[in-house]
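[1] fold the stuff below for me.
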Amino acid sequence: MDFNIIRVARIVMNVTDLNASRDFYVNALGFIETESDGQHIYLRGLEEHCHHCLVLKKADQPGVHSIGYKVWHQEDLEKIERLFKERNLFTQWEEAGKQRALGRVLKATDPSGMPLEFFSKMETVERCLQKYDLYKGARIQRIDHVNCMVPDVEKAVAFYTDELGFRCSEYTATEDDRTWAAWLHRKPSVHDIAFMNGEGPRLHHVGFWLSDPMSLIHSCDVLASMGYADCIERGPGRHGLSNAFFLYIRDPDGNRLELYNGDYLTCDPDFEPVKWDINDPRRQTFWGHKAPDSWFEEATEFIQQESGLPVGQSKAVLAQQKPDFVT
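    Model (predicted):
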């Protein structure tokens, strides 16, 4: 691999009401609002020095415009472009300044149909890690990962590991040893992106890192006190897979977020992926309780970079849509 993708770094997604979204993301969850205009809100976590990790874009209906990855060098962008072109996949250049705070951007579409962006330069801003007077709500620290529903997980995993240099930390297998889901990383943690079997491609959730498990509990109290209790979909709990504490919530437009803390290092070259049986109840929640059906059925559609229309979806290759166990 002659290029270096560092990490997942930003998401651009639609919201229908900027003021309602600001109340949820800034006042309830504690994101830092770097800036805004009549069509966008640019958000970051308390420890982030990049201009933003999340762009909320005003639109008539929900949708995800792109998953953005930061690369090490400008030259890496040309190398990634060559790879995508060799695989007959869509690419398009966007010059510096076209999107707020970003340098030159390579837009691309992966084999599952998901819109991606690669960049090496983003404007920097003041880190707020030790501005404890600004800590409120969930006290969001940084973007951690994305999880996507795709119709063919094995195809997606092969492209990201063989072509883009991602490594697998953990995966879920069916009874006939097919890969039902996989967690892939570039940074030395459990994942930057996960793929799960389902109709897609669709964005299942964006995960944000919190400083400690009690921050998840505090988030529930804040959400409930502000009238957002119905936004809590699942948790808090501990995953078996990844070992992390989690809380899944839905924003006012139904976009799913995971508040996340407590996974582990994966940087050793001899680290072996952890295999989970899809029907092991400890896999999704170490304490054994099931996720709601909405967690396996509902997700946000992607938007084509070429046309602005929704990305077409396909049915999942594997028939099993969720774990089959009784608690």
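
[2] quick one: low-confidence ranges for the protein?
    325-327 (pLDDT under 70).

[3] buried residues, the longest strand anywhere in it. List them.
    Longest strand of the chain, by residue count under DSSP state E: strand 5-15. Buried residues in strand 5-15, counted by 16 or more other Cβ atoms under 10 Å: Ile5, Arg7, Val8, Ala9, Arg10, Ile11, Val12, Met13, Asn14, Val15. For the C-beta atoms, the positions are set from N, CA and C on the backbone; glycine is no exception.

[4] leaving out sequence neighbours, find the closest residue to the last one.
    If I follow you right, that is Val15. Using Cβ to Cβ, 6 or more residues apart in numbering and skipping the chain neighbours, the partner closest in space to Val15 is Ser21 (4.3 Å).

[5] name the helices or strands packed onto the helix or strand containing the one you found?
    Assigned by DSSP states H and E, Ser21 belongs to helix 18-22. Applying 3 or more Cβ pairs under 8 Å, 6 or more residues apart in numbering; DSSP states H and E, one finds that helix 18-22 makes contact with strand 32-36, strand 40-44, strand 54-58.

[6] show residues contacting the second one.
    Think strand 40-44. 18, 21-22, 25-26, 31-36, 50-58, 100-101, 125 (Cβ atoms under 8 Å, 6 or more residues apart in numbering).

[7] only C-alpha atoms, please: export that strand in PDB.
    Taking C-alpha atoms only, strand 40-44 is exported to PDB below (Å, rounded to 0.1, in the frame of the first residue of the first chain):
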ATOM      1  CA  HIS A  40     -24.800  24.600   7.600                       C
ATOM      2  CA  ILE A  41     -23.600  24.000  11.100                       C
ATOM      3  CA  TYR A  42     -20.000  22.900  11.600                       C
ATOM      4  CA  LEU A  43     -19.400  20.800  14.800                       C
ATOM      5  CA  ARG A  44     -16.400  19.300  16.500                       C
END
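
[8] how far off strand 32-36 does that strand point, in degrees?
    Per axes from the mean of the first three to the mean of the last three Cα atoms, to 10 degrees, the angle that strand 40-44 makes with strand 32-36 is 150 degrees.

[9] relative to strand 40-44, what are the paired strands and their orientations?
    strand 32-36 (antiparallel), strand 54-58 (antiparallel) (DSSP bridges).

[10] give me whichever of the helices and strands packed on helix 18-22 is most buried.
    Greatest average neighbour count among the helices and strands packed on helix 18-22 goes to strand 40-44 (a mean of 23), per mean count of other Cβ atoms under 10 Å.

[11] how about the contacts made by the residue nearest to Val15?
    Neighbours of Ser21 in contact, by Cβ under 8 Å, 6+ apart: Val15, Ile41, Leu56, Asp251, Pro252, Asp253.

[12] and the residue nearest to Gly137 when sequence neighbours are not counted, which of the three is it?
    Computed as Cβ to Cβ, 6+ apart, the closest residue to Gly137 that is not its neighbour in sequence is Gly30, at 3.4 Å. Secondary structure state of Gly30, per DSSP: H, G, I helix; E, B strand; the rest coil, is coil.

[13] Gly30 against Gln141, yeah?
    No: applying Cβ atoms under 8 Å, one finds Gly30 not in contact with Gln141, separated by 9.5 Å.

[14] measure the residue nearest to Val15 to Glu47 for me?
    22 Å (Cβ to Cβ, to the nearest Å).

[15] next one: Phe24
    As judged by Cβ to Cβ, Phe24 and Glu47 stand 21 Å apart.

[16] give me the more crowded residue out of the two.
    Per other Cβ atoms under 10 Å, whichever of Phe24 and Glu47 has more neighbours is Phe24, with 26 against 15.

[17] check the secondary structure at the more buried one for me.
    helix.

[18] right, and it touches Asp251 too?
    Yes: taking contacts as Cβ under 8 Å, Phe24 lies within contact range of Asp251: 5.5 Å.

[19] so who does the residue nearest to Gly312 when sequence neighbours are not counted touch?
    Spatial nearest neighbour of Gly312, excluding adjacent residues (Cβ to Cβ, 6+ apart): Gly113 at 6.8 Å. By Cβ under 8 Å, 6+ apart, the residues touching Gly113 are Gly200, Pro201, Phe302, Val311, Gly312.

[20] ok, the first one touching Val150?
    Yes: counting by Cβ under 8 Å, a contact exists between Gly200 and Val150, whose distance comes to 4.7 Å.

[21] need the residues touching each of these two.
    What both Gly200 and Val150 touch, as defined by Cβ under 8 Å, 6+ apart, is the set Ser112.

[22] name the element Arg282 belongs to?
    Per DSSP H and E: Arg282 is located in helix 281-284.

[23] contacts for that helix, please.
    Contacts of helix 281-284 (Cβ under 8 Å, 6+ apart): Thr172, His239, Gly240, Leu241, Trp276, Asp277, Gly288, Lys290, Ala291, Pro323, Phe325, Thr327.
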